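**Q** I'd like to go over a predicted model; first the sequence, then the structure.
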Amino acid sequence: MPVYGAVTSFNAGELSPKMIGRTDVSQYAKGCRKLCNFFVTPYGAVERRPGTLFVAKSKSRRVRLIKFVFSSDAAYVCEFGDRYIRFFRNGRQLVCDGAPVEIATFYTADQLERIQVIQSADVMTIVHPLHPVMELRRIEENSFVLIEKEFEYPPVLEPNIDDSIKITPSAVSGTIELVATADVFDAGNIGGFWQLVHTRKKSEIKKDFDSDGVSDTLEVFGNWTFTTHGTWTGNVVLQRSYDGGESWYNYQTFSSAKDSNTSTSGIEQDENVLYRVVMQDYEQSDTGTLKLCRILFVNPDFVTTGVVRITSVADARHASGNVIRKLGGTDATFEWNEGAWSNRRGFPCSVAFFEERMMFGGTASRPQTVWGSKTGDWDNFLLSDKDDAGLEFTLASDTVNTISWMCQHNALIIGTLDSEWTLSASDSGAALTPSNAKVKRQSVYGSSRTPALMVGDTVLFVQRGKRKIREFVYTWEKEGYSSPDMTVLAEHITRSEVIETTLQQLPDSILWCVLGNGTIAALTYERDQEVIGWHRHTTAGKFVSVCAVPDQVSNDIYFAVDRAGETCIEILSPRTFDDIADACFVDSAVIYNGTETDTIDNLDHLEGMTVSILADGALQTGKVVENGQVILDVPAKKVVIGLAYESVVAPMPYEVDMPDGTSMLRKKAVGEVRVRVYDSVGGEITSGNGDFQQVISRDVLSDSMDARVNLKTEVVVMNLLSGFACETNIEIRQIDPLPLNVSSLVITLDVAEK
């Protein structure tokens, strides 16, 4: 009994083999048994993945690619390798004086996976649990420098509460010695910080002016008040100095003609600022009870917080260091804090921005702690009761919740090894402050250490175990966040574990996932259009790393690919082209464009490999690279040469409703198939019997292999005439270096009687 059916969309992507026969699931009709080296598009069609262009060989075999985006005009890819960084831009390696631009680092090849970064303008902040926080700075267009991040006030541990354990500094600035009354220092503190608090002996200026003159000076920080009393004539000037009293600047002036006094206040935001009071044009009063000008300047924030960076440790009670923030005195003090980050305590493993704060999370000794900087001051983590002060929170969990990543959303989302949390202000309309923080556990799936990615208004993260991609999204029904599984219908797609991810935003939103077996699983994700489709990508080698960076109108996708023991840096070729001669559908490709020639060189990275060639739009295959070159059969002006790859799209077994029931598990044969294609040429189709038929003729006049091919948009009618089987196994593939885009199928089935 002949029946007709249509496949109008493929945008459910590749589905699990366990889904075969599940026609009751809506995605079944739009899904595929196989989808390899094709893109799922939001329109329903599948488009063949373009090839990759060879850029350069990496310095080391094991690398990680990380984007550095200064602007859409200045977007770089950083090649992190074994103790170095190299740079790429616009599909080319940055070179200076004939050599690649390179920066030395202390990250070994084994440590690359744990690197996490955030970026603002021309500064990338880099964290790793074994190393201090670093900053990669863009100095000029093709110049970078890597330096350790400096802190005004670094994060610290809990304050000492034992008043018998005191530390005495030898000086308030410069290189000093620290002597403790108990064992507090450790060699692991070298390079870390120590915070000392001294109660300031003087917190006010008091003076009676009965003539012109100048008061004593006072170092001021924080809130201050200023008042005058008496009957007097003249000008009282409040002055500030920023250079230790060398230069003074008028800040505020108050005048009286025997008729007024002043009472005012302010906040000094800067540190190491001196204040003094100057009386000018004074005249003695002959009336009043107090016939002079009495001034009182008070700075009630009467403690000084100093910071020392430890440079050496003689023993548990003696250490040396450099003063980073001036100390308040040389007296012994029991008010001290050890720095939170050091070789002894570990360094943060995650970093994010949130509400103008720089947030760090998770060290070896404080795996559940989040530190936030002062608002708008990313180098200052000093804690206080002020709303914009630094803050610190530890997740209150019944298990050890090591922080894996943090991501900025309308709350700070925190992924830990066994659950997902949000940190925000208790009032949704307020800014986060030390006094109004609300930490809430939202789900208990657990997160891998792969950083989460913001996609539109949702967050995608890799679940602990590295097998599932979950969506972290706010739901009004729950009044909280849920984490649905994005691999639930394609559980097989990440079977070899997700190692690394990157997000392509244009022209389509695609999450690229490097897998442990060297292939890539990609997710076309357009939530608003209800498009969630997986597709696999393979190459003649193993994918090591992937990175997406923006350009003017799209995203550039860079790959690090292990090919025969050498790692190549490659970039995905453009998906659109004006002429077939410009098309690139081979990997690790080299493009020649010049005078007519029959010799193509600069192919050292493909030495000994069999390559496919598109020469002036005509196919040449079966060539082997020898001595870094290939000899063409026919000379050409434009040549694209590289490694062939197979692209396959196979819809799910087609089932239809019959008058006497369903066609499922009944024997059926595929007859006529109509394939709608666009901007395509070549390709093959089979009904599962192993016999492939060409889909589109390569040329109108000739099928000769050396004839120029022409792109076509048409409906191709084919007779597959397969034998009877319980399932249809239609498969379309492309093995030539040519485009193939499929938008729909119409299938004629002959269904056997029961």
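**A** Structure's in. What do you need?
**Q** what is the nearest residue to residue 731 once chain neighbours are set aside paired to in the beta sheet?
**A** Nearest residue to residue 731, sequence neighbours excluded (CB to CB, 6 or more residues apart in numbering): residue 650, at 4.1 Å. The way it works is simple: take the backbone N, C-alpha and C, and place the C-beta from them, glycine included. Bridge pairing for residue 650 (DSSP bridges) gives the partners residue 34.
**Q** any idea how far residue 650 is from residue 492?
**A** Residue 650 sits 14 Å away from residue 492, going by CB to CB, to the nearest Å.
**Q** hang on, the earlier thing: next, the contact list for the residue nearest to residue 731, please.
**A** For residue 650, the contact set (CB atoms under 8 Å, 6 or more residues apart in numbering) comprises 32-35, 729-732.
**Q** Could you list the buried residues of the strand ranked longest in the chain?
**A** With secondary structure taken from DSSP state E, the chain has its longest strand at strand 263-283. Neighbour counts over strand 263-283 (16 or more other CB atoms under 10 Å) mark 268, 271, 273-279, 282 as buried.
**Q** Stretch 244-261 now?
**A** Here stretch 244-261 shows 248, 254, 256, 258, 261 as buried, counting by 16+ other CB under 10 Å.
**Q** you'd agree residue 110 is in a helix?
**A** Yes - assessed with DSSP: H, G, I helix; E, B strand; the rest coil, residue 110 lies in a helix.
**Q** any idea how far it is from residue 64?
**A** The spacing between residue 110 and residue 64, counted by CB to CB, is 11 Å.
**Q** Next: residue 529.
**A** Distance, residue 529 to residue 64, by CB to CB: 32 Å.
**Q** Neighbour count for those two, which is higher?
**A** Neighbour totals were compared for residue 529 and residue 64, and residue 64 leads with 22 against 12 (other CB atoms under 10 Å).
**Q** which ones are touching that one?
**A** Residue 64 sits next to 79-81, 112-113, 115, 500, 545, 560 when contact means CB under 8 Å, 6+ apart.
**Q** Okay, and the beta partners of it?
**A** Applying DSSP bridges, one finds that residue 64 bridges with residue 80.
**Q** and what of residue 624?
**A** Beta-bridge partners recorded for residue 624 (DSSP bridges): residue 610.
**Q** wait, isn't it in contact with residue 610?
**A** Yes - counting by CB atoms under 8 Å, residue 624 touches residue 610, with 5.3 Å between them.
**Q** ok, back up a step: from the buried residues of stretch 244-261, which two are the most distant?
**A** 248 and 258 (27.5 Å; CB to CB).
**Q** and the buried residues of stretch 244-261 as CSV, adding secondary structure?
**A** Formatted as CSV, the buried residues of stretch 244-261 follow (three-state DSSP):
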residue, secondary structure
248, coil
254, strand
256, strand
258, coil
261, coil
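**Q** Quick check: buried residues in whichever strand or helix holds residue 67?
**A** Assigned by DSSP states H and E, residue 67 belongs to strand 64-71. If you call a residue buried by 16+ other CB under 10 Å, then strand 64-71 has these buried ones: 64-68.
**Q** Just give me how far that strand sits from the chain centre.
**A** Distance of strand 64-71 from the chain centroid (CA atoms, centre = their mean, to the nearest Å) equals 9 Å.
**Q** just stretch 60-69 next, same as before
**A** Distance of stretch 60-69 from its chain centroid, counting by CA atoms, centre = their mean, is 12 Å.
**Q** could you give me the average pLDDT of it?
**A** Mean pLDDT, stretch 60-69: 96.
**Q** and if you look at stretch 45-56?
**A** Stretch 45-56 comes out at a mean pLDDT of 97.
**Q** For it, list the C-alpha coordinates in PDB.
**A** Output of stretch 45-56 as PDB, limited to C-alpha atoms (Å, rounded to 0.1, in the frame of the first residue of the first chain):
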ATOM      1  CA  ALA A  45      17.200  23.100   7.100                       C
ATOM      2  CA  VAL A  46      20.600  21.500   7.600                       C
ATOM      3  CA  GLU A  47      23.600  23.100   6.000                       C
ATOM      4  CA  ARG A  48      26.900  21.400   5.500                       C
ATOM      5  CA  ARG A  49      29.700  22.600   7.800                       C
ATOM      6  CA  PRO A  50      32.300  24.500   5.900                       C
ATOM      7  CA  GLY A  51      35.900  23.500   6.200                       C
ATOM      8  CA  THR A  52      38.600  25.000   8.300                       C
ATOM      9  CA  LEU A  53      41.500  27.200   7.100                       C
ATOM     10  CA  PHE A  54      45.000  26.400   8.400                       C
ATOM     11  CA  VAL A  55      46.400  29.300  10.400                       C
ATOM     12  CA  ALA A  56      49.600  28.000  12.100                       C
END
